[in-house]
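S.K.: the sequence isn't on hand, but the structure is:
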């Protein structure tokens, strides 16, 4: 058996996968009217899962949504309130306008079970504490009942997450039935590697590798032009190298920190509070999580103060890579319209 290709960062992997699917595809697939180019059975590995972000002018990303989605998962949520606020398109995944079922992976991993049993995540971590070399710390997502209704608007793309503790490192393997290489994969890898980093912190382990397996890796025909711009930008090898060192989650991160961030995110989302960096520094949070919260404050200003540039003090306090992404996602909201 041949191991997956190892990349130093997700940016390297993203460009390689995008090039392969667009230039060497096996099929043209039209599942549910979504025409795409497809390869079957794709895998890659990240040597450093913290290198999860993209810094490409041809593919601007929303760093606020990245953290919002990861925290939505960690919070074990199904409701639309949080995720729908940061990405209105997610409302199309809901049948009742209130909840999301299939792609609410966190509800299947982190929420306690109806019978009162611990969550799948808690059980997986307990197993790894008891059996350090266990192969059984697998958290399933896709279930047989997900196949009950043909044409269901929201089936899980994620099959499951597999945690493996080896020689002081926590590795993770992700299994997906399908992944859009230009859209969903960018958000998925960000969230899943952040979950892996949090699990490593809770277990007191160093962060190991991240492996991504996909049954159907595809790129929509509607996205081929944008994919082409990415490939043009990254034609020179240096352009695939991320611009910023990744932030490192504190090794003493706990569920209390997650709950605190979610509590204040909800207040910001409802525009019930506004924070300066000094306000956030007064909270019982490590600087890493303070910077995440300040991203939500910056987004609050974008939504609720449309005629005013985002507070420069907030921008200056952001993690540098997230600030770079934010300024390219909302360039008109930066003072004088200038990117730094």
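M.R.: Okay, I see it. Note that the structure is predicted; figures quoted are calculated from it, not measured.
S.K.: could you report the distance from residue 191 to residue 103?
M.R.: Plainly put, residue 191 is 11 Å away from residue 103 if you go by CB to CB, to the nearest Å. Every C-beta, even on glycine, is put in place using the N, C-alpha and C of the backbone.
S.K.: packing partners for the helix or strand of the chain with the lowest mean pLDDT?
M.R.: Ranked by mean pLDDT, DSSP states H and E, the weakest helix or strand in the chain is strand 27-29, scoring a mean of 93. Packing partners of strand 27-29 (3 or more CB pairs under 8 Å, 6 or more residues apart in numbering; DSSP states H and E): strand 36-46.
S.K.: what comes up buried for the strand it packs on?
M.R.: Neighbour-count burial for strand 36-46, counted by 16 or more other CB atoms under 10 Å, picks out 36, 37, 38, 39, 42, 43, 44, 45, 46.
S.K.: what does that strand rub up against?
M.R.: Outside strand 36-46, the residues that touch it by CB atoms under 8 Å, 6 or more residues apart in numbering are 3-10, 13, 16-17, 20-22, 24-30, 52, 179-180, 189, 193, 209-221, 224.
S.K.: from the residues you listed, which would you call buried?
M.R.: Among the contacts of strand 36-46, those classed as buried by 16+ other CB under 10 Å are 4, 7, 9-10, 13, 16-17, 20-22, 25, 29, 52, 179-180, 189, 193, 209-214, 216-220.
S.K.: in helices, which of these fall?
M.R.: Among those, the ones falling in helices (DSSP state H) are 10, 13, 16, 17, 20, 21, 22, 189, 193.
S.K.: in those residues, find the pair that's most separated.
M.R.: Greatest spatial distance among those (CB to CB): 22 and 193, at 24.0 Å.
S.K.: domain ranges for this protein?
M.R.: Per the record, the chain has its domains at 5-62+101-240, 255-337, by automatic domain parsing.
S.K.: could those go into JSON lines alongside distance to residue 70?
M.R.: JSON lines is the format used below for these (distance: least, CB to CB, whole Å):
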{"stretch": "domain 5-62+101-240", "distance to residue 70": "4"}
{"stretch": "domain 255-337", "distance to residue 70": "9"}
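S.K.: of all those domains, which one is nearest residue 73?
M.R.: Smallest distance to residue 73 across the domains of the chain (CB to CB): 3.3 Å, for domain 5-62+101-240.
S.K.: end to end, how far does the closest one reach?
M.R.: Domain 5-62+101-240 has an end-to-end distance of 16 Å (CA to CA, to the nearest Å).
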